[in-house]
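turn this into a structure:
(one chain, ligands or ions: 1)
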Amino acid sequence: MPRLIRALGCLLFASLPALALATPAEEARIDKLIGKMTLQEKAGQLTLVAAVYDDEPSDRERKPGEPTAMERQLNEIRDGKISAVFNGIGADWARKLQRAAVKESRLGIPLLISVDAIHGFRTIFPVPLAEAASWDVELAERVARATAVEATAAGVAWNLAPNVDIARDARWGRGVEGAGEDVLLAQRMAAARVRGIQKGEGGKHLAEPDALLATPKHFVGYGAAEGGLDYNPADISERTLREVYLPPFKAAIDAGALALMAGFHEIGGVPMMANHHLLTEVLRDEWGYEGIVVSDYAADHELVEHGVARDDREAVKIAFMAGVDVSMTSRLYQQYLPDLVEAGEVPVERLDQAVRRMLRVKMKLGLFEAPYGRIDAAREKQLSHTPAARALALQAAQRSIVLLKNDHDLLPLARDARVALIGPLAGGPDHLNGPWTVFDDKRDAVSVEAGLRKALGANARISVSKGSNIDSPLPGGLEAAVSAAQNADVVVLAIGESEAMTGEAQSRTEVVIPPAQQALAEAIAATGRPTVVLLRTGRALALEGAVRDADAILVTWFLAAETGNAIADVLYGDVNPSGRLPVSFPQRPGQVPVYYARKNTGRPAPAGPFQEYTARYRDIGVGPLYPFGHGLGYSRVEYDEPTLNTTWLEWNGTLKVSARVRNTGSRSVTETVQFYLRDRVASVTRPLRELKDFRRITLAPGESRELSFTLRHDDLAFLGDDLKPVVEPGDFDVWIAPSATAGTPVRFKLMPEQPVPDSDEKP
Ligand code: BGC
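This next block holds a predicted model:
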């Protein structure tokens, strides 16, 4: 039996075509290295572990003569048992490790130093969901670039980012790490972030000392966890996988990503770590992906908990044969792969294939030529916390803010208005950066209070009161806040989620403002003072009562370093808010998942009151409180009805859809013009609307501009009954609109393909 597996292995793994990732000379060098490696060294190249430092707490308990944790890690590197180390920092630390790999190990293979830089490294940028609200793809690329510059200056070569999971269920806490609910926005953000992480300034791409390897994660469908519960199974049809969850990964890979992380979850009974279909058939065979696949944190071991492996040894075999090349933190590959190969249970060709992928990536990163290229203490000093990065953090924060409503033009505020700044999120330094920062110093972030005081200077007329804690009432808090409100012209209410309420394993059953803060909002509303809500959140929230009914609402997410400055700029009108929701805000928490690209059902509910036997809730309609794409500025923008160059589109023709967009207000405005499509009749059901394109434009007061979007045959393709792309003639609607529920549809018909006339020459 083992011999059969070996023979099969030769066929499966050796016959793969030579990949373009490395040059012939590099391949020859890799061949030579692999030829020299022991099984243990090969398994070592597939092992990623967490960083340790000098003076770890565990060192204090060691017996005399025993090595410290750092010494043990250095020894493992010297012995070729480790390929990569993650979440360590600093050029000096990195140099020590790299020296052990390059100078003190038998084969001198350089080490990969890796990190989770999800929204910044030292300078912290808005959480990715906030950045997605800018709909500014070029900004996302610049932020990723700035993060790469800071991280590489500290010795890092590999970023365990971006998160490209689509998240449609607001209960799931990790939506904060991604780009929201929509496929197109997620694809564009994924590609931009990969480009920014991997590009490098000098043109040699990954080999540049300021370029990082990107890792789109968590392959795939992790955001579809049942009930929004992190790590829960996702039961996703192949169609939904291919239409919704896979495309951002494909976009990231097309943008050049050479690492990819497999998720913790299962899909339809098959844990991702064991999912040969997705990890090998789709990723490798269909897409031709050439980089490495890394497990999530000890997810190989978790196959035992999932109940598909008897023990760790079997878990390694399953994960490795499914297509997971590299194991994170468990050290199980190190422990079991050599033995599995010797026993003939894993073909050595599969081992060599994975090692080859890792070595190619290291070569591509320039690590063989310049192992210390990213490790330079002087560069680290010079490139960390630069004013340029900080200025970018401010711009990103300004563009991430979404104005949901602005009754009676309450905003912008007059600078001489007396402000009562109220709420547990009014001051700092906590809950500004948001989840997933590994090396930040939260004292670097500017609170709302600090930002307002700086903007208003010595004449600031601000009172600050907390009103409540985040999760519980504050004794005397309500009374003090009410009295502050009564003595002010306007209330600025800073409420929402704490930093700990979003991120990994932070699922919530009720996506609402915590009750103590809701009570605060109700008490403030009773004073009748005009109120601006600043909503800090990492997810879409169901806004209710006094929060929903406040005069103005700004979604301010977790804006990180420049929180207070960006908010002050928007509150006082120095910056016109331009963000657009990347997720639909539900009316009620029980409504989630709510997203715009839903299906019609056979019984769509008519607008208006409840009607029996239609697809709506008894208590509310199916629509959101605020739709995907929604966001206001301080001006009025009007859209003319779209016009078409033809309403009968030839099979190979081009449809041009145009609309004039007018700024009828008195301030300049940045508008995100959105282009949506609906296929009215197809062989499988299609969403009510799909975003096909968008453009951010700036219009001066009184300015109008005609915008055109084009559609060709291929843009109308969808996955047919057999899951293959197909274009079908028939009726389509298009919108040019400011959100996913606004605008008037215009219809066109795609004409059928002309039948090819029979020719006499045909047999
Ligand atoms: C997360 C990953 C992350 C890893 C290492 C895991 O818990 O799911 O996204 O890269 O930890 O920090």
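
need the nearest residue in space to K364, chain neighbours excluded.
With sequence-adjacent residues excluded and distances taken as C-beta to C-beta, 6 or more residues apart in numbering, K364 is closest to L206, at 4.9 Å. Placement of C-beta: from N, CA and C, glycine included.

and for D715?
In space, and not counting its chain neighbours, D715 is closest to K692: 6.6 Å by C-beta to C-beta, 6+ apart.

tell me how far the residue in the stretch 251-400 of the chain that the ligand sits nearest to lies from K217.
Per C-beta to the nearest ligand atom, Y297 is where the stretch 251-400 of the chain lies closest to the ligand, at 3.9 Å. Distance, Y297 to K217, by C-beta to C-beta, to the nearest Å: 11 Å.

mind listing what the spatially most central residue of the chain touches?
For the chain, G178 is the residue whose C-alpha lies nearest the centre (C-alpha atoms, centre = their mean; 2.1 Å). G178 makes contact with 128-129, 132, 162-167, 186, 223, according to C-beta atoms under 8 Å, 6 or more residues apart in numbering.

by neighbour count, which of those residues wins?
Across the contacts of G178, neighbour numbers were computed from other C-beta atoms under 10 Å; V164 holds the maximum, 34 neighbours.

contact partners for it?
By C-beta under 8 Å, 6+ apart, the neighbours of V164 are 178-179, 186, 189-190, 193, 216-217, 248-249, 251-252.

swap in 6 Å and give it another go.
For V164, the contact set (C-beta atoms under 6 Å, 6 or more residues apart in numbering) comprises 190, 216, 248-249, 252.

same check, this time on L365
157, 206, 213.

try 10 Å
Neighbouring residues of L365 by C-beta atoms under 10 Å, 6 or more residues apart in numbering: 110, 112, 157-158, 198, 200, 205-209, 211-213, 258, 371, 373-374.

quick check: pLDDT value at it.
If you check L365, the pLDDT there is 97.

before we move on, the earlier item: in a helix, the residue nearest to K364, correct?
Yes. L206: assigned to a helix according to DSSP: H, G, I helix; E, B strand; the rest coil.

any idea how many residues pack against it?
When neighbours are counted by other C-beta under 10 Å, L206 comes out with 21.

didn't it look like it was pressed against N159?
No. Contact criterion C-beta atoms under 10 Å: L206 and N159 do not qualify, at 11.6 Å.

need the residues touching each of these two.
Common neighbours of L206 and N159, using C-beta under 10 Å, 6+ apart, are 197-198, 212-214.

which residues touch L394?
L394 sits next to 125, 446, 559, 561-563, 565-566, 569, 575 when contact means C-beta under 10 Å, 6+ apart.

reformat the residues you listed into CSV and put neighbour count and distance to L535 next to each item.
CSV is the format used below for these (neighbours: other C-beta atoms under 10 Å; distance: C-beta to C-beta, whole Å):
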residue, neighbour count, distance to L535
F125, 34, 19
V446, 26, 18
L559, 32, 11
A561, 28, 19
E562, 28, 17
T563, 32, 13
N565, 24, 18
A566, 27, 14
D569, 21, 17
V575, 22, 17
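
who touches stretch 601-619?
By C-beta under 10 Å, 6+ apart, the surrounding residues in contact with stretch 601-619 are 587-588, 590-591, 598-600, 620-623, 685, 688.

and that stretch, which residues are buried?
For stretch 601-619, burial by neighbour count (16 or more other C-beta atoms under 10 Å) applies to 605, 616.

just the CA trace of it, in CSV.
Provided in CSV are the C-alpha atoms of stretch 601-619 (Å, rounded to 0.1, in the frame of the first residue of the first chain):
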residue,chain,number,x,y,z
THR,A,601,-38.3,35.1,-3.2
GLY,A,602,-41.5,33.9,-4.8
ARG,A,603,-43.6,36.2,-2.5
PRO,A,604,-41.9,39.6,-2.3
ALA,A,605,-43.7,41.8,0.1
PRO,A,606,-45.3,44.9,-1.3
ALA,A,607,-44.3,48.3,0.2
GLY,A,608,-46.6,49.4,3.0
PRO,A,609,-48.3,47.6,5.9
PHE,A,610,-47.9,44.0,6.8
GLN,A,611,-49.5,41.6,4.3
GLU,A,612,-50.1,38.0,5.1
TYR,A,613,-48.2,35.3,3.3
THR,A,614,-45.5,37.5,2.0
ALA,A,615,-41.7,37.5,2.7
ARG,A,616,-41.6,40.1,5.5
TYR,A,617,-41.5,40.1,9.3
ARG,A,618,-44.7,40.8,11.2
ASP,A,619,-43.1,43.8,12.9
